[in-house]
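K.L.:
Show me the folded form of this:
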Amino acid sequence: MYDDNGAPIPRRIRLTDEAEELRYLGLELQTEHDAFVSRGRSPWRGLSGHDPYDDVPDDEFGERQWEDWHDGMYDEDDPERPRRRRPSGREFDIAPPVAGEVTVTVDPVIAAAFAARQAEAQAGPTWLVDGGQVTVEGSFKIWRGACGQCAEHFEQRRPASQRRKWRTTCGDDCATVLDRAKARERMRARRSDAA
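P.N.:
Numbering: from 1, shown residues only. Here you go, the predicted model:
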């Protein structure tokens, strides 16, 4: 359930008859027999166990909610911000906690050991292929090696599901030069066989 501004409305708890009977049975056991009764899944309501909003009728509950939303629009230091005066006897028995910034510090030795374990866990299997080395990183295969023509190091990347040969040259120019050299070698071999 949402209000006009899209914010969720805190719903009031309405218990079934069976849950009400169990609650009163628990209260009776606590007060008359000094027994410890676990609250189970019911919300914790402070040390005294009494929620002051239980006594507030539905109309006043909705009005308070609207006032809280309306007051939140104003800046805290704004002199025109309305000051709501609540009737006495309806305040929380425990002040809500103050939220502040949380700073987490980790020992550098522990952080370094954890980073090393993470890197080791993420590094996949590695194997050698003609002209380079293939490593699996996540869902990708990465080939690293030297170009078969100019001997410059480069890498290729492709999805791990693909199974095909890796290029042995770093670009189209080197591939063209290598293809011409292989064609010359083939022709020399043919000529020597024919002679």
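K.L.:
Return the distance of the helix or strand harbouring residue 66 from the chain's centre.
P.N.:
For residue 66, the element it lies in under DSSP states H and E is helix 58-72. The chain centre lies 33 Å from the centre of helix 58-72; the measure is Cα atoms, centre = their mean, to the nearest Å.
K.L.:
phi, psi of residue 57?
P.N.:
phi -70, psi 160 (degrees, to the nearest 10).
K.L.:
burial measure for it, as a count.
P.N.:
Using other Cβ atoms under 10 Å, residue 57 has 8 neighbouring residues. The way it works is simple: take the backbone N, C-alpha and C, and place the C-beta from them, glycine included.
K.L.:
what sits against residue 182?
P.N.:
Contacts for residue 182 (Cβ atoms under 8 Å, 6 or more residues apart in numbering) come out as none.
K.L.:
where does it land in three-state SS?
P.N.:
helix (DSSP: H, G, I helix; E, B strand; the rest coil).
K.L.:
residues in contact with stretch 172-181?
P.N.:
For stretch 172-181, using Cβ under 8 Å, 6+ apart, the contacting residues are 147-150, 167-169.
K.L.:
got a list of what residue 35 touches?
P.N.:
Residues near residue 35 by Cβ under 8 Å, 6+ apart: residue 29.
K.L.:
and it, that's in a helix?
P.N.:
No. Counting by three-state DSSP, one finds residue 35 to be coil, located in no helix.
K.L.:
Can you check the pLDDT for it?
P.N.:
Per-residue pLDDT puts residue 35 at 74.
K.L.:
Please apply the same query to the one 5 residues further on.
P.N.:
The predicted structure scores residue 40 at 56 on the pLDDT scale.
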